[in-house]
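Q: Give me a 3D structure for the following:
(one chain, ligands or ions: 1)
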Amino acid sequence: MTLKLNDPSLFRQAAFIAGQWREASGDQRIDVDNPADGSLVGHVPACTEQDTKDAIEAARIAQAAWQRRTGTERGVVLAEWHRLILDNVEDLARIMTAEQGKVLAEARGEVRYAASFFKWYAEEATRSEGQLLTTSDPHRRVLVLKQPVGVTAAITPWNFPLAMITRKCGPAIAAGCSMVIKPSELTPYSALALAALGERAGIPAGLLSVVTGWPADVGKVLTESPVVRKLTFTGSTGVGKILIRQCADTVKKLSLELGGNAPFLVFDDARVKLAADGIMQSKFRNAGQTCVCANRVLIQDGIWDRLVPELATRVESLRVGHGTDPDSTVGPLINDAAVRKVREHVEDALAKGARYVGAPLRIEGRFVWPVVLEGITTDMRVVHEETFGPVLPLLRFKTEEEAVSIANNTPFGLASYFFTDDISRIWRVGEALEFGMIGQNTGSISMESVPFGGVKESGLGREGGHVGMEEFLEMKSLHLGGL
Ligand code: ADP
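A: Alright, predicted model coming up:
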């Protein structure tokens, strides 16, 4: 396919290793297709174990020099990178829509969101501070130094091909780390375009590499390398568990953003239109393919009859279509397996007694028309598995205790949402929900300045905000004795 870009040099079909754009040493390539129509977007190198080792070695050398630069100098490069992303929003969005499918308006939004991490961490780079501690020994003072972790690796998913990378490499670079990135093999072009802009911004050769390739080859080297001191990963809980095991032998620091099963609770006193806004925002972004998407909507008896028709009307007004069509609001799903999962979840729910509110499931290729289901019970797959598609299952509940208990009855603990204006309930439910992120009267919870992450099997560590940079810093206590 031909991708029309203002700056065609942002579309790179080579890996970026040790400051060089190059092919894989084995000369193998991976095809990347457009989820909307299956057409070939292009191909990228299937990097080998040796290519990955080259990237790690370059990262080791570059990091030693980078950590000696001041936070201010590191911030200047990140700020320039931020500016370059904003200068190229349209091209980056087009690349993203071509490989990922999301509608252009959302792609542009993601590009800006991705850039916001560079701005925030450019500023944060200048504010890294240690501590001076008093101790029980009058002859001693203790300093706590913060030093970069060193060489780090990132393995990132396809659903946010740009933001899941900047959220990781922004704080890493600000902290003085280097990073080897393995983007999803489904969406490598956003990562490569980002690297092209990083090169222009003045990121030193080797500090950041993008190693395209199959997960097993690249992932194995990144996780087993003793040089790589930290792995940061966003993806499924299943793969996260494999990576934890693979990192065990070298005791790497880990940040993991894994799967979710977000509940969305609407209480009787909630404002109907506001709740509907929140559900639509949380459920249908990226065609339902986000780890913080409302997976199960729990509606209290007293508001059910007002909220459900409102939701049905709004879902009817969604426009499914090619991401480049300005009228589309829901793009295709990423691949056939994703479509299959949605179909299976809906069929399972219907077989166990669920009913459609509005139109039945319609699938054409990878396009899935949003559906609303009522009569949902807790034995259905839509309730205890992440559907990752445009399916809105509605559960009815009577009491707050019942809703909180259903919400928490999952091994996952990433995002949750609840709508109410009752101040006591806000505190009660906010404290009772076992999730790393909670939106009260809002369906959006991602911001560069706020910690993002989950509890239970949804992950380890946090990204974003002050703590997002701490994750790339080691603490060292320096005891000054004999005073
Ligand atoms: P998703 O469900 O979002 O596709 P995955 O967990 O399958 O998430 O993939 C997220 C990232 O993890 C991708 O970059 C993928 O290539 C990578 N990945 C998948 N399996 C492995 C593995 N065994 N080792 C290392 N990386 C992997």
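Q: show me the contacts for the most centrally placed residue in the chain.
A: Nearest to the mean C-alpha position of the chain, counting by Cα atoms, centre = their mean, stands Met164 at 4.4 Å. Each residue near Met164 by Cβ atoms under 8 Å, 6 or more residues apart in numbering is listed here: 156-157, 234, 257. To be clear about C-beta, it is placed using only N, CA and C from the backbone, and glycine gets the same treatment.
Q: repeat that with 6 Å
A: Applying Cβ atoms under 6 Å, 6 or more residues apart in numbering, one finds that Met164 lies in contact with 156-157, 234.
Q: Just to be sure, it is in a helix?
A: Yes - the assignment for Met164 by DSSP: H, G, I helix; E, B strand; the rest coil puts it in a helix.
Q: State the distance from it to the ligand.
A: Relative to the ligand, Met164 is positioned 9 Å away (Cβ to the nearest ligand atom, to the nearest Å).
Q: Please apply the same query to Gly198.
A: According to Cβ to the nearest ligand atom, Gly198 stands 19 Å off from the ligand.
Q: Next, count neighbours for that residue.
A: Counted with other Cβ atoms under 10 Å, residues neighbouring Gly198 total 24.
Q: So it belongs to a helix, correct?
A: Yes - judged by three-state DSSP, Gly198 forms part of a helix.
Q: who's in contact with it?
A: Gly198 is in contact with 81, 208, counting by Cβ under 6 Å, 6+ apart.
Q: Now the helix ranked longest in the chain: average pLDDT?
A: Counting residues, the longest helix in the chain under DSSP state H turns out to be helix 104-124. If you average the pLDDT over helix 104-124, you get 98.
Q: show me where the stretch 201-350 of the chain has helices.
A: Using DSSP state H, counting those that start in this stretch, the helices found in the stretch 201-350 of the chain span residues 215-224, 237-248, 272-284, 301-316, 336-351.
Q: The second one vs the ligand: in contact?
A: This points to helix 237-248. Yes - using Cβ under 6 Å from any ligand atom, helix 237-248 comes into contact with the ligand via 239, 242-243.
Q: how about a markdown table for those residues, with pLDDT and neighbour count added?
A: Formatted as a markdown table, those follow (pLDDT from 0 to 100; neighbours: other Cβ atoms under 10 Å):
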| residue | pLDDT | neighbour count |
| --- | --- | --- |
| Val239 | 98 | 18 |
| Ile242 | 98 | 15 |
| Leu243 | 98 | 22 |
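Q: Quickly name whichever of those is closest to Val228.
A: Distance to Val228 across these (Cβ to Cβ) is lowest for Leu243, with 11.8 Å.
Q: now the chain, which segments are flagged as low pLDDT?
A: Within the chain, the ranges that satisfy pLDDT under 70 run 1.
Q: Residues of it that sit close to the ligand?
A: 155-159, 182, 184-185, 215-216, 219, 235-236, 239, 242-243.
Q: that older thread, neighbour-wise, which of the contacts of Met164 leads?
A: Thr156 leads the contacts of Met164 on contacts (other Cβ under 10 Å) with 28 neighbours.
Q: for the helix or strand following the longest helix of the chain, packing partners?
A: Per DSSP states H and E, the first helix or strand lying C-terminal to helix 104-124 is strand 131-133. Under the contact definition 3 or more Cβ pairs under 6 Å, 6 or more residues apart in numbering; DSSP states H and E, strand 131-133 sits against strand 141-148.
Q: tell me the angle of whichever helix or strand comes after the strand it packs on relative to helix 215-224?
A: Using DSSP H and E, the helix or strand that follows strand 141-148 in sequence is strand 151-155. With axes from the mean of the first three to the mean of the last three Cα atoms, to 10 degrees defining the directions, strand 151-155 sits at 150 degrees from helix 215-224.
Q: what angle separates strand 151-155 from helix 237-248?
A: Here strand 151-155 runs at an angle of 160 degrees relative to helix 237-248 (the same axes, to 10 degrees).
Q: Tell me, how many residues neighbour the residue of the stretch 1-150 of the chain found nearest the ligand?
A: The ligand sits closest to Ile30 of the stretch 1-150 of the chain, with a gap of 10.5 Å, by Cβ to the nearest ligand atom. A total of 17 residues lie near Ile30 under the criterion other Cβ under 10 Å.
Q: Where does it sit: helix, strand or coil?
A: What three-state DSSP gives for Ile30 is strand.
Q: Identify the bridge partners of it.
A: Beta-bridge partners recorded for Ile30 (DSSP bridges): Val44.
Q: and if you look at the one 10 residues further on?
A: Using DSSP bridges, the beta-bridge partners of Leu40 come out as Asp33.
Q: Next, find the distance separating it from Thr324.
A: Relative to Thr324, Leu40 is positioned 16 Å away (Cβ to Cβ, to the nearest Å).
Q: Next: Pro204.
A: Separation of Pro204 from Thr324 (Cβ to Cβ): 36 Å.
Q: Please state the backbone phi and psi of Pro183?
A: When read as degrees, to the nearest 10, the backbone of Pro183 gives phi -80, psi 170.
Q: excluding its backbone neighbours, what's nearest it?
A: Ala191 (3.7 Å; Cβ to Cβ, 6 or more residues apart in numbering).
Q: just checking, that neighbour is part of a helix?
A: Yes - the assignment for Ala191 by three-state DSSP puts it in a helix.
Q: so what's it up against?
A: Contacts of Ala191 (Cβ under 6 Å, 6+ apart): 165, 183, 210.
Q: change it to 8 Å
A: In this structure, Ala191 makes contact with 156, 161-162, 165, 181, 183, 210, 212, judged by Cβ under 8 Å, 6+ apart.
Q: And Val32, by the same measure?
A: Val32 touches 40-44, 99, 185-189, counting by Cβ under 8 Å, 6+ apart.
Q: and those, which are buried?
A: Buried by 16 or more other Cβ atoms under 10 Å: 41-42, 44, 99, 185-189, out of these.
Q: Looking at these, which is nearest Glu124?
A: In terms of Cβ to Cβ, no member of those lies closer to Glu124 than Thr187, at 27.0 Å.
Q: quick one: the closest one from Pro35, how far?
A: From Thr187 to Pro35 the distance is 10 Å (Cβ to Cβ).
Q: Equivalent analysis for Asp87, please.
A: Separation of Asp87 from Pro35 (Cβ to Cβ): 27 Å.
Q: what's the answer for Gly259, then?
A: Distance, Gly259 to Pro35, by Cβ to Cβ: 20 Å.
Q: likewise Thr250?
A: In terms of Cβ to Cβ, Thr250 sits 36 Å off from Pro35.
Q: List the buried residues in stretch 463-481.
A: 463-465, 468-473.
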